[in-house]
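*Asks:* below: sequence and its predicted model.
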2 protein chains.
Amino acid sequence: MARASAHPMQGLVKYHGLKDSVKRIPYHGSISVCTAPLESTTSVEFHDGEHDQIEIDGNLISGRAFERVKTVLDEVRKIAGSDKTAIVHSKNSFPQGVGLGSSSSGFATLALAAFEASGANYDMKLVSETARLGSGSACRAVTGGISEWITDKSGSYSVQIGSPEDFKDWSIVVPLVESITLTEKAHEEVETSPLFKARLDYIEKTLSQMRNAVKNKEVEKIWELAEQDTRNLHAVTMTGREGLLAWNAATAEIMHRTTELREEFPIYYSIDTGATPYLNTYKEHEKRVISEFKETHGVKEILVCSVGESAKIL
Amino acid sequence: MARASAHPMQGLVKYHGLKDSVKRIPYHGSISVCTAPLESTTSVEFHDGEHDQIEIDGNLISGRAFERVKTVLDEVRKIAGSDKTAIVHSKNSFPQGVGLGSSSSGFATLALAAFEASGANYDMKLVSETARLGSGSACRAVTGGISEWITDKSGSYSVQIGSPEDFKDWSIVVPLVESITLTEKAHEEVETSPLFKARLDYIEKTLSQMRNAVKNKEVEKIWELAEQDTRNLHAVTMTGREGLLAWNAATAEIMHRTTELREEFPIYYSIDTGATPYLNTYKEHEKRVISEFKETHGVKEILVCSVGESAKIL
């Protein structure tokens, strides 16, 4: 039996759309930052059972969610040369389905714990590749800190490009907003937006700017680029066939108020494929930001995060 | 002395950006529908004064607004061979600066009244061309009903492509929302969006679909295309250099609720470069729509419109 933990993430240059939806190969690279102390913890035990048993937050899983987990277990079994079945227990320290990326940290811990439990030889690149089969962004939750998801001749995996050590004064304030999870639908729809090809052109330049900002530890530039990419991503999702509008009233309110607050101190919003914004600011402004948004209509709770480490065996 | 009246408009395939900002030649064609009973009324009198006197809603106008009016008066004087100065009185039956397009109806009535008062020969194409010099969309308020703004070898002007007679059951419900007027800024910013070229490609196909829908009186198709174009337009404005987000909390709330209501009956939103949505539905659902949105936080007042006629001499 092995147990692993990992943090979910905030997209910085956001992932959008799969060129190959079975192998989960993305259309373009992406960069994200892991958000501690939010955490998934998963244990995997292989034994001689009849079929896999998967429990998440106390619920036995079936259907589509079960199949996604089984895909990752099958890949580990293939590499380990094993035909044992697995007992999986996973739990999240944060709410699911509100756009906080529980699938990223969940699949990162699943892949890592499964490799460890299987007895196979593995490295973090292999864990990243394998976690990706369950959820694209999970490859970045494996490597932690600020990570880039790269697809090249050697595979589709993540590497850490910024260490948590270097971004200690970065506070991520998260006002939780009522959200419909659109991620899979948005990824399926991506090619139906007449603006998607223009995003592909824009993204290369943006990835390069973000890599430089991370390398030079220019945290405000990172935040600015992430905010800009937020509008670009949502511009594409809302112009797809179904016109998916992820933002609700509270989201719009927070976006405008954040822009106003920026007259006073550095603060930027960033929104993944959902309604809940991440507010990036310095730790010294954290309390001010919480007090600004705790009464906003539609905000249920405010979480405060910092840059998290890579996935690890417990 | 001559007086004219005209209705402002709701953009259907929306105008965005000027290839020539002095002559107000747009990047692409656009189609809109005039909204009665909202109305501007303008009188123009030429006399031997020292300079033009311009009053709008009881206020004497100077600065940028004065210059825009003078541009139109100068063009009329050039055509009429006159060097007289003008006394202009204009009033609007609806609030200005909330995204209802008072500049479109204002300049349409100004151009029409000025030609009539000048004694020059004119036709509606010339009025449309001249009104455009003050405000791009004014060319369409001249021709009324559903109008298309065309730029071709013979000029840049509007033609009516759908008559109010043919769309008598179309109700336009307008929940007025606190709005910052972004129109001029948004037009200036247009080329800075990495998505703008993709809009230009999309727009030709959309114009053709909209022309067909108007010709065939397929009103729900008109509404659907207008809603789609709303998201496309705002996708471009929010990805420009300044990231102009025109929607506020009430706008987002109304967009989502409209999408839900559409499960029950045909209703579509459409938002010009501002925060106030136009809700397109059938007259039979008007009361239901008003009662749905009158309590929405951020809605100040609800106006109800129908398809309006062209500008006319009173």
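*Replies:* Great, that's in hand.

*Asks:* going forward, measure contacts between C-alpha atoms and count neighbours the same way
*Replies:* Fine.

*Asks:* where do the strands sit along the stretch 151-300 of chain A?
*Replies:* Remark: strands assigned in the stretch 151-300 of chain A by DSSP state E, counting those that start in this stretch are A:155-162, A:170-177, A:267-271, A:277-282, A:299-307.

*Asks:* and of the ones you listed, who's closest to B:Ser32?
*Replies:* Shortest distance between B:Ser32 and these, using C-alpha to C-alpha, is found for strand A:267-271: 32.9 Å.

*Asks:* that closest one pairs with which strands, parallel or anti?
*Replies:* The strands that strand A:267-271 pairs with in its sheet are strand A:277-282 (antiparallel) (by DSSP bridges).

*Asks:* domains in chain A, by residue range?
*Replies:* Per automatic domain parsing, the structural domains of chain A span A:2-165, A:166-307.

*Asks:* most tightly packed of those domains?
*Replies:* Most buried of the domains of chain A by mean neighbour count (mean count of other C-alpha atoms under 10 Å in any protein chain shown) is domain A:2-165; its value is a mean of 22.

*Asks:* using CSV, lay out the strands of the stretch 151-300 of chain A together with mean pLDDT.
*Replies:* CSV is the format used below for the strands of the stretch 151-300 of chain A (pLDDT from 0 to 100):
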stretch, mean pLDDT
strand A:155-162, 97
strand A:170-177, 96
strand A:267-271, 97
strand A:277-282, 98
strand A:299-307, 95
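
*Asks:* could these go into CSV alongside distance to B:Leu73?
*Replies:* Listed next are the strands of the stretch 151-300 of chain A as CSV, based on distance: least, C-alpha to C-alpha, whole Å:
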stretch, distance to B:Leu73
strand A:155-162, 61
strand A:170-177, 52
strand A:267-271, 46
strand A:277-282, 49
strand A:299-307, 52
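
*Asks:* pick out the residue in the stretch 151-300 of chain A sitting closest to chain B.
*Replies:* Ranked by C-alpha to the nearest C-alpha, the top residue of the stretch 151-300 of chain A for proximity to chain B is A:Ala249, at 3.9 Å.

*Asks:* that residue is in contact with B:Arg257, isn't it?
*Replies:* No: counting by C-alpha atoms under 8 Å, A:Ala249 does not reach B:Arg257; the two are 10.8 Å apart.

*Asks:* residues from chain A in reach of chain B?
*Replies:* Applying C-alpha under 8 Å from any C-alpha of the partner chain, we find that chain A lies next to chain B at A:194-195, A:197-199, A:202, A:228, A:231-232, A:234-236, A:238-239, A:243, A:245, A:247-253, A:256.

*Asks:* may I have the helix or strand in which A:Thr41 is found exported as PDB, CA atoms only?
*Replies:* Counting by DSSP states H and E, the element that carries A:Thr41 is strand A:40-47. Provided in PDB are the C-alpha atoms of strand A:40-47 (Å, rounded to 0.1, in the frame of the first residue of the first chain):
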ATOM      1  CA  SER A  40      -5.700  15.600  -2.300                       C
ATOM      2  CA  THR A  41      -4.500  12.500  -0.500                       C
ATOM      3  CA  THR A  42      -4.800   9.100  -2.200                       C
ATOM      4  CA  SER A  43      -3.900   5.600  -1.200                       C
ATOM      5  CA  VAL A  44      -3.600   2.600  -3.500                       C
ATOM      6  CA  GLU A  45      -3.300  -1.000  -2.600                       C
ATOM      7  CA  PHE A  46      -3.000  -3.800  -5.100                       C
ATOM      8  CA  HIS A  47      -4.400  -7.200  -4.300                       C
END
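
*Asks:* apart from its chain neighbours, what residue comes closest to A:Asp20?
*Replies:* A:Pro26 (6.9 Å; C-alpha to C-alpha, 6 or more residues apart in numbering or on different chains).

*Asks:* residues in contact with the residue lying closest to A:Cys305 once chain neighbours are set aside?
*Replies:* Of all residues not flanking A:Cys305 in the chain, A:Ile172 sits nearest, at 4.8 Å (C-alpha to C-alpha, 6+ apart). Applying C-alpha atoms under 8 Å, 6 or more residues apart in numbering or on different chains, we find A:Ile172 in contact with A:35, A:278-281, A:304-306.

*Asks:* try 10 Å this time
*Replies:* Listed by C-alpha atoms under 10 Å, 6 or more residues apart in numbering or on different chains, the contact partners of A:Ile172 are A:10, A:35-36, A:267-270, A:277-283, A:286, A:303-307.

*Asks:* please compute how far the lowest-mean-pLDDT helix or strand in chain A lies from its chain's middle.
*Replies:* Of all helical and strand segments in chain A, the minimum by mean pLDDT, DSSP states H and E falls on helix A:183-189, at a mean of 75. Remark: helix A:183-189 is offset 15 Å from the chain centroid, using C-alpha atoms, centre = their mean, to the nearest Å.

*Asks:* please apply the same query to stretch A:83-92.
*Replies:* On the basis of C-alpha atoms, centre = their mean, stretch A:83-92 sits 21 Å off its chain's mean C-alpha point.

*Asks:* for whichever residue of the stretch 1-150 of chain A sits closest to chain B, what are its contacts?
*Replies:* For the stretch 1-150 of chain A and chain B, the shortest gap (C-alpha to the nearest C-alpha) falls at A:Val13, measuring 14.3 Å. If you count contacts by C-alpha under 10 Å, 6+ apart, A:Val13 has them with A:28-33, A:148, A:203-204, A:206-207, A:209-211, A:222, A:225-230, A:232-233, A:270, A:272.

*Asks:* could you redo the last one with a cut-off of 7 Å?
*Replies:* A:30-32, A:207, A:226, A:229 (C-alpha atoms under 7 Å, 6 or more residues apart in numbering or on different chains).

*Asks:* do A:Lys300 as well
*Replies:* Contacts here follow C-alpha under 7 Å, 6+ apart; on that basis A:Lys300 touches A:176-177.

*Asks:* how close does it get to A:Tyr27?
*Replies:* According to C-alpha to C-alpha, to the nearest Å, A:Lys300 stands 34 Å off from A:Tyr27.

*Asks:* just A:Gly11 next, same as before
*Replies:* Plainly put, A:Gly11 is 15 Å away from A:Tyr27 if you go by C-alpha to C-alpha.

*Asks:* for A:Thr151, same thing?
*Replies:* 9 Å.

*Asks:* any stretches of chain A with poor pLDDT?
*Replies:* For chain A, applying pLDDT under 70 flags the ranges A:180-183.

*Asks:* what segments of it are helices?
*Replies:* A:63-80, A:102-118, A:124-132, A:138-143, A:183-189, A:196-215, A:219-238, A:249-261, A:286-293 (DSSP state H).

*Asks:* any chance of these in a markdown table, plus distance to B:Ser40?
*Replies:* Converted to a markdown table, the helices of chain A look like this (distance: least, C-alpha to C-alpha, whole Å):
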| stretch | distance to B:Ser40 |
| --- | --- |
| helix A:63-80 | 58 |
| helix A:102-118 | 55 |
| helix A:124-132 | 60 |
| helix A:138-143 | 58 |
| helix A:183-189 | 43 |
| helix A:196-215 | 40 |
| helix A:219-238 | 34 |
| helix A:249-261 | 32 |
| helix A:286-293 | 41 |
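
*Asks:* now the farthest one out in chain A, which residue is it?
*Replies:* Most distant from the centre of chain A: A:Asp48, at 33.2 Å, with distances by C-alpha atoms, centre = their mean.

*Asks:* grab the nearest non-local neighbour of that one.
*Replies:* Spatial nearest neighbour of A:Asp48, chain neighbours left out: A:Lys84 (5.3 Å); criterion: C-alpha to C-alpha, 6+ apart.

*Asks:* that neighbour and A:Glu45 touch, don't they?
*Replies:* No: assessed by C-alpha atoms under 7 Å, A:Lys84 is found out of contact with A:Glu45, at 9.4 Å.

*Asks:* now A:Ser104. Nearest residue, chain neighbours left out?
*Replies:* Spatial nearest neighbour of A:Ser104, chain neighbours left out: A:Ala138 (3.8 Å); criterion: C-alpha to C-alpha, 6+ apart.
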